Every structure is written in structure tokens, then in C-alpha cells.
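**Q** got a predicted structure here, sequence first:
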Amino acid sequence: MKGLWRSWLWFEAWLIEGLLPAPAPAPPPVDEQPRATRSRSGRSGASSPGSGASSRGRRTRPQGSKQRRASAAEDHLPFDLVAAYISIGLPYDATKAVVRQRLRQLMKEAHPDRHPPERAERAARRMRELSRARDTLRRYGRLP
């Protein structure tokens, strides 16, 4: 439980330091047709019943909504990727070379053969954590 609490504190400090990208600004409000001109049937007040200009079944999406969603998806990192960067202690925008060098250094320090038997289990746990971080970084293309 202590390790989980320590990870959470690191994550909070990481957020406070501003290493994660700022949230995207709220999109501007979409202009809609005023409700007063719409009848219960869904037709606008300007069309007559026999004119064929009904808007029933033709719901349109506001212009630019797809672009807004795509840019909003780029503004945050997946949780497992954030956890990987926390476990190696680097900011999310570190280069591949820096990430690779840091992982090699940490894995060398955490190798169980470099520790006495009473600390080997803890070192093996840290080694597994670093291995998971490496796999995650590779999966997201942040590591060669």
C-alpha cells in the first residue's frame, strides 16, 4: 500500500509541475435554431406541410465537430503511458534517446543480481515495473 501511495504522490507532483499538457479550451457554443420557430412536428415555421421542405430525419452535425474531437484526443495521454513515465521519472516529452538511456540506467540499478538476497525480491519487483514501463513505451512508439 505504501508503494501505491508514493506513486500517487509522484503523480500529483507531476500534474502540479505542469508536465502534462494543459486541457483543451472549451469549444465555442454552436448556434442552433431558436426553439420558438420550431413546432412539435420538428418542422420549421417557414415550411408548409405540403412543400416537402421538412427537416424530419435530417439531423446535421455542426461544422468542425470532427476536428474538435480529434484535437481533444491528442490533448491527453493514456493512463498506462502516464504511469510508465512516472515510474522512470521523466517528463512525457522526453526524447527517445533520453528515455532509452534512463531505462537502461534504472534497469541496471534494479537488477536482482546486484543486490543482497534480502533485497533481491524488492529489486525484482522494481525490475518488473520497469519492464512493464518499457513495454508500454514501445507499444505507444515512445521507445525504439
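**A** Received, thanks. Numbering: from 1, shown residues only.
**Q** contact partners for Gly89?
**A** Arg102 (Cβ atoms under 8 Å, 6 or more residues apart in numbering). C-beta coordinates here come from the backbone N, C-alpha and C atoms, glycine included.
**Q** Pro29 versus that one, what's the distance?
**A** 42 Å (Cβ to Cβ, to the nearest Å).
**Q** which stretches of the protein have low pLDDT?
**A** 1-24, 31-75 (pLDDT under 70).
**Q** try it again with 80
**A** 1-75 (pLDDT under 80).
**Q** so where do the helices sit in it?
**A** 2-16, 65-74, 79-88, 96-110, 117-139 (DSSP state H).
**Q** list of residues touching the fourth one?
**A** It stands for helix 96-110. Applying Cβ under 8 Å, 6+ apart, the set of residues contacting helix 96-110 is 88-90, 94, 114, 123, 126-127, 130-131, 133-134, 137, 142-144.
**Q** leaving out chain neighbours, which residue sits closest to Arg122?
**A** Leaving aside its sequence neighbours, Arg122 sits nearest to His115 (Cβ to Cβ, 6 or more residues apart in numbering; 7.7 Å).
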